[in-house]
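Peer 1: What shape does this take:
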Amino acid sequence: MCAHRTPPSHRGARRPPLSRTPRRLRVAAACLPGLAAAAGLVLCAAGIDRTVGGGAGRSAAARPAAAHQAPRPVIVPRERWLGDASVTQAPTRYADRVSAVFVHHTDSPNGYDCADAPRIIQYLYTGQAGDRHWDDIGYNFLVDRCGTVYEGRAGGTARAVVGAHTQGFNVGTAGIAALGTFTAGAQVPRAMTDAIAAVAAWKLGLADIDPRAAVRLVSTNSLSRYRAGTSGTFTAVSGHTDGYWTACPGAALMARLPEIRQHAARLQGRR
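Peer 2: Numbers count the residues shown, from 1 in each chain. This next block holds a predicted model:
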């Protein structure tokens, strides 16, 4: 999801040593056939573009308090999962604000202990920033099945960090990834959807955006569903597949997006 010049492919991805992977994750991965096992432990396909969407290290302009600001959820800092896995990364890029949220799944096994979530996230990061030489984990936030929210990409949770999660639409958006695989028939835990709604309500509330509202975004890369320079209309809380040719975040999680939007709107104090 975060290649430097060209969009990455899951196929042919090298896997980090299994010794770094939680035992339950290794067992679950062993049940996946062939290349699916390698792909299942890497983020769902996306890609970044290098179009400038804000200067490195640039501070967002001061803004008045939003009329519908939701509370900031508890967010576990990235240091809790990063450990000694950090690699040299490019300077953080910032947009002016976050106008939309894209929801993802990590396409990894679901049957993990929530205590193992930090190690799973580190494993995903190592596969991208280490083996694949991406500049960081692509998602701005990750949520486990128990509803714990983790900071993903570096740069500050309250700032409009340009991520690497939705090809063409990384600038001015935030990526929230559900830890697991949520294709048709999968169970999506209520704690997870509530946490996704809480993050979306807070991030969008900083710009006073209703999670149910229509927003227009301009594509920065022709590898998305929209040619570079053209705009598309999205719901403020959308799925990865709305902007890119992918099944992510899975049919089961996509079906929960209307509920997530409504919950996020309530958290902002909207009717």
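Peer 1: Could you double-check that residue 197 sits in contact with residue 257?
Peer 2: No - counting by CB atoms under 8 Å, residue 257 is not a contact partner of residue 197; they are 9.9 Å apart. Backbone N, C-alpha and C define where each C-beta goes, glycine included.
Peer 1: just for this structure, where's the confidence low?
Peer 2: Within the chain, the segments meeting pLDDT under 70 span 1-65, 132.
Peer 1: hmm, try it at 80
Peer 2: 1-66, 87-89, 128, 130-134 (pLDDT under 80).
Peer 1: Just after the longest helix seen in it, pick out the following helix or strand.
Peer 2: For the chain, the helix with the greatest residue count under DSSP state H is helix 190-205. Next in sequence after helix 190-205, counting helices and strands by DSSP states H and E, comes strand 214-218.
Peer 1: what comes up buried for whatever helix or strand comes next after that following strand?
Peer 2: Note on strand 214-218: by DSSP H and E, the next helix or strand toward the C-terminus is strand 231-235. By neighbour count on 16 or more other CB atoms under 10 Å, the buried set for strand 231-235 is 232, 234-235.
Peer 1: Any chance you could list what contacts strand 231-235?
Peer 2: For strand 231-235, the surrounding residues in contact (CB atoms under 8 Å, 6 or more residues apart in numbering) are 100, 169, 211-219, 225-226, 242-243, 257, 261.
Peer 1: So which elements touch the helix or strand that comes right after that strand?
Peer 2: As assigned by DSSP H and E, the chain's next helix or strand after strand 231-235 is strand 237-239. The contact analysis (3 or more CB pairs under 8 Å, 6 or more residues apart in numbering; DSSP states H and E) places strand 237-239 against strand 100-105, helix 257-267.
Peer 1: Return the distance of strand 237-239 from the chain's centre.
Peer 2: Centre-to-centre, strand 237-239 and its host chain are 11 Å apart (CA atoms, centre = their mean, to the nearest Å).
Peer 1: buried residues in that strand?
Peer 2: Buried, per 16+ other CB under 10 Å, within strand 237-239: 237-239.
Peer 1: Partner strands of that strand, with direction?
Peer 2: The strands beside strand 237-239 in its sheet (DSSP bridges) come out as strand 100-105 (parallel).
Peer 1: which strands and helices sit next to the next helix-or-strand element following the partner strand?
Peer 2: The C-terminal neighbour of strand 100-105 among helices and strands, as given by DSSP H and E, is helix 117-125. Packed against helix 117-125 by the contact rule (3+ CB pairs under 8 Å, 6+ apart) you find helix 23-30, helix 79-82, strand 149-151.
Peer 1: what packs against the shortest one?
Peer 2: Taking 3+ CB pairs under 8 Å, 6+ apart as contact, the helices and strands that strand 149-151 lies on are strand 75-76, helix 117-125, strand 141-143, helix 190-205.
Peer 1: Neighbouring strands - and their directions - for it?
Peer 2: Strand 149-151 is paired, per DSSP bridges, with strand 75-76 (parallel), strand 141-143 (antiparallel).
Peer 1: Deepest-packed of those strands, please.
Peer 2: Compared across the strands paired with strand 149-151, strand 141-143 shows the largest average neighbour count, a mean of 29 (mean count of other CB atoms under 10 Å).
Peer 1: next one: it to chain centre, how far?
Peer 2: When distances are taken as CA atoms, centre = their mean, strand 141-143 is centred 7 Å away from the chain's centroid.
Peer 1: For residue 245, grab the count of nearby residues.
Peer 2: Neighbourhood size, residue 245 [other CB atoms under 10 Å]: 11.
Peer 1: That should have said residue 228, apologies.
Peer 2: 14.
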